[in-house]
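Asks: coords please:
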Amino acid sequence: MWTVKQIQAFKPKDKRYRVSDDLGQKGSGRLVLDVQPTGVKTFFYQYYNTRFFPSRRVLVKIGVFKQSAKSGGLSLSEAREKALELSGLLSECCDVKAHLSQEKGRFENEREEKRLTEMTLQEVFDAYLENKVLKPGTVNDYKRCMRESFEPYLNKPLSAVNRRVILNVYRLRSKVSVARANNAMRVFKAVYNYQRAVCRGQDDAYLLPENPVLVLNEAKVMKRLERRKTYIPKESLRVWFQGLNALCDDVYLSGLVVRDYFIFLILTGARRQEVLSLTRDDVDLKRRVFVLRETKNHQVVELPMSDYLTGVVQARLLSHHYHYVFACGADKPLVSLKRPLDYLRERVGFKFSPHDLRRTFITVAESLDISSYTIKRLVNHKISESADVTAGYMMIDLERMRVASEKVSRFFQRYM
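Replies: A predicted model of the protein is given here:
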């Protein structure tokens, strides 16, 4: 059997070579030393795989020989111990290398599973945002939800946010705002479901338990919010329009832009953010149409403009040379409406939001006996053909929508 001095005596040659030693046990295999031209010496365990005929020699790497006290590696005694362990394993299976490879794969899988289940809420949330296609406004709202409701848990493992934590977070957050609490729970539920879907074990079983947000429905503590039904009645339209015109004479540099923006919203029923992203290329004054690209249902739609609205948009485009239709002093759309809105609410004597203008358009269109399918097309509501078979047969062309748009526009002109 080798001694340390004998191993140290093996000198490097022009080509690598190997020398073998036995372990002092019959049939136990061999300890092999691989000597490189660089002088590096590596221990291997040698055995013969009898699954094949003739049997095949197999080498299993044990480790590098420790040349000195300061260098890393294995001593001769440590290498022999590992070789004897492999020798014992050889008595149980004929292919040690394949077994070790399988064990290594299982260990790596277990380590990866542990890493996935121990990821913090912040890490999971970042991965969710990276892999999902979301609009910038949606991303900002999701981040706000996390800060408002889950900030103490962002640096803790996702699994730490259990059913008890969810109940406590919801109870505290709903005291401030039920709407924001419900929204935060929807966001967390989506993030958790994403991580649960990607965290699967070797047998494809879930590594995370069921979503803890389910406790809110099971315990029946989720508070329901009534859908908002606020809109501007026709009796208030004149005062509202006068308030818009007053914006132009006020100290707001963006007063005229805000006025035209609100007129566009109430005459089309379009969503606030979709109109803000409207560019020059999205407007065709000759055909009197506009195109919404960044929509809630991810569909690009072409919609008509009434004669009156076409005039408003034309004047807006002639007043500046910026990329966005509702630009304000720079090549970017309106950012904040808080101050103009506060001013308008005080001026007209009642509260309203940009989304109230959408509800006002729909309410007026319905009162004029316009088909509900036409209204849905005008405001770009998604029509589920599976839930409404008739909708799948309805072909509503642009001219039909234009007639309806003109009808609604004339109503507003009359009362404003």
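
Asks: so residue 342 sits in a helix?
Replies: Yes - using DSSP: H, G, I helix; E, B strand; the rest coil, the assignment for residue 342 is a helix.

Asks: ok so residue 19 is a strand residue?
Replies: Yes - counting by three-state DSSP, residue 19 falls inside a strand.

Asks: isn't it right next to residue 32, touching?
Replies: Yes - the criterion here is Cβ atoms under 8 Å, and residue 19 meets it with residue 32 at 7.2 Å. Every C-beta, even on glycine, is put in place using the N, C-alpha and C of the backbone.

Asks: which of these two has more residues huddled nearby?
Replies: Between residue 19 and residue 32, residue 32 has the larger neighbour count (other Cβ atoms under 10 Å), namely 20 against 15.

Asks: on the three-state scheme, the more buried one is what?
Replies: Residue 32 ends up strand, using three-state DSSP.

Asks: what about the stretch 51-200 of the chain, any weak spots by pLDDT?
Replies: In the predicted model of the stretch 51-200 of the chain, residues 51-56, 88-113, 115 satisfy pLDDT under 70.

Asks: that one: helices as residue ranges?
Replies: With DSSP state H, counting those that start in this stretch applied, the stretch 51-200 of the chain shows helices at 76-90, 96-117, 121-131, 136-150, 163-176, 178-198, listed in chain order.

Asks: in what helix or strand does residue 365 lie?
Replies: Element membership of residue 365, judged by DSSP states H and E, is helix 354-367.

Asks: list the buried residues for that helix?
Replies: Neighbour-count burial for helix 354-367, counted by 16 or more other Cβ atoms under 10 Å, picks out 354, 356-365.

Asks: show residues contacting it.
Replies: Residues outside helix 354-367 that contact it (Cβ atoms under 8 Å, 6 or more residues apart in numbering): 228-232, 234, 262, 265-272, 337, 372, 374-375, 378-379, 404, 407-408, 411-412.

Asks: what about 7 Å?
Replies: Here helix 354-367 makes contact (Cβ atoms under 7 Å, 6 or more residues apart in numbering) with 230-232, 262, 265-266, 268-269, 271-272, 337, 375, 378-379, 404, 408, 411.

Asks: and the buried ones among the residues you listed, selectable in ChimeraX?
Replies: Remark: buried members of the contacts of helix 354-367, expressed as a ChimeraX selection using 16+ other Cβ under 10 Å:
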select :231,232,262,265,266,268,269,271,272,337,375,378,379,404,408,411
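
Asks: put the alpha carbons of the helix holding residue 365 into PDB.
Replies: Provided in PDB are the C-alpha atoms of helix 354-367 (Å, rounded to 0.1, in the frame of the first residue of the first chain):
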ATOM      1  CA  PRO A 354     -62.400  60.800 -15.100                       C
ATOM      2  CA  HIS A 355     -64.100  57.400 -14.900                       C
ATOM      3  CA  ASP A 356     -67.400  59.100 -14.200                       C
ATOM      4  CA  LEU A 357     -67.200  60.600 -17.700                       C
ATOM      5  CA  ARG A 358     -67.100  57.000 -19.100                       C
ATOM      6  CA  ARG A 359     -70.200  56.100 -17.100                       C
ATOM      7  CA  THR A 360     -71.900  59.300 -18.200                       C
ATOM      8  CA  PHE A 361     -71.300  58.400 -21.900                       C
ATOM      9  CA  ILE A 362     -72.700  54.900 -21.500                       C
ATOM     10  CA  THR A 363     -75.700  56.200 -19.600                       C
ATOM     11  CA  VAL A 364     -76.500  58.800 -22.200                       C
ATOM     12  CA  ALA A 365     -76.000  56.300 -25.100                       C
ATOM     13  CA  GLU A 366     -78.400  53.800 -23.400                       C
ATOM     14  CA  SER A 367     -81.000  56.600 -22.900                       C
END
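
Asks: for the helix or strand following it, what is the average pLDDT?
Replies: Downstream of helix 354-367, the next assigned helix or strand under DSSP H and E is helix 372-378. What helix 372-378 shows for mean pLDDT is 90.

Asks: in helix 372-378, what's buried?
Replies: Neighbour counts using 16+ other Cβ under 10 Å place 373-378 of helix 372-378 among the buried residues.

Asks: then that helix to CSV, C-alphas only?
Replies: This file holds the C-alpha atoms of helix 372-378, laid out as CSV (Å, rounded to 0.1, in the frame of the first residue of the first chain):
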residue,chain,number,x,y,z
SER,A,372,-76.1,47.6,-26.1
TYR,A,373,-73.7,45.8,-28.5
THR,A,374,-72.9,49.1,-30.3
ILE,A,375,-72.3,50.8,-26.9
LYS,A,376,-69.9,47.9,-25.9
ARG,A,377,-68.0,48.4,-29.2
LEU,A,378,-67.8,52.2,-28.7
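
Asks: so which elements touch that helix?
Replies: Here helix 372-378 touches helix 354-367, helix 398-415, going by 3 or more Cβ pairs under 7 Å, 6 or more residues apart in numbering; DSSP states H and E.

Asks: can you put the helices of the stretch 51-200 of the chain in CSV and add distance to residue 238 and mean neighbour count?
Replies: As requested, the helices of the stretch 51-200 of the chain are arranged in CSV below (distance: least, Cβ to Cβ, whole Å; neighbours: other Cβ atoms under 10 Å):
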stretch, distance to residue 238, mean neighbour count
helix 76-90, 91, 18
helix 96-117, 61, 13
helix 121-131, 46, 17
helix 136-150, 33, 16
helix 163-176, 38, 16
helix 178-198, 32, 18
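
Asks: export these to JSON lines and tack on distance to residue 397?
Replies: Putting the helices of the stretch 51-200 of the chain into JSON lines (distance: least, Cβ to Cβ, whole Å) gives the following:
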{"stretch": "helix 76-90", "distance to residue 397": "76"}
{"stretch": "helix 96-117", "distance to residue 397": "51"}
{"stretch": "helix 121-131", "distance to residue 397": "39"}
{"stretch": "helix 136-150", "distance to residue 397": "31"}
{"stretch": "helix 163-176", "distance to residue 397": "47"}
{"stretch": "helix 178-198", "distance to residue 397": "37"}
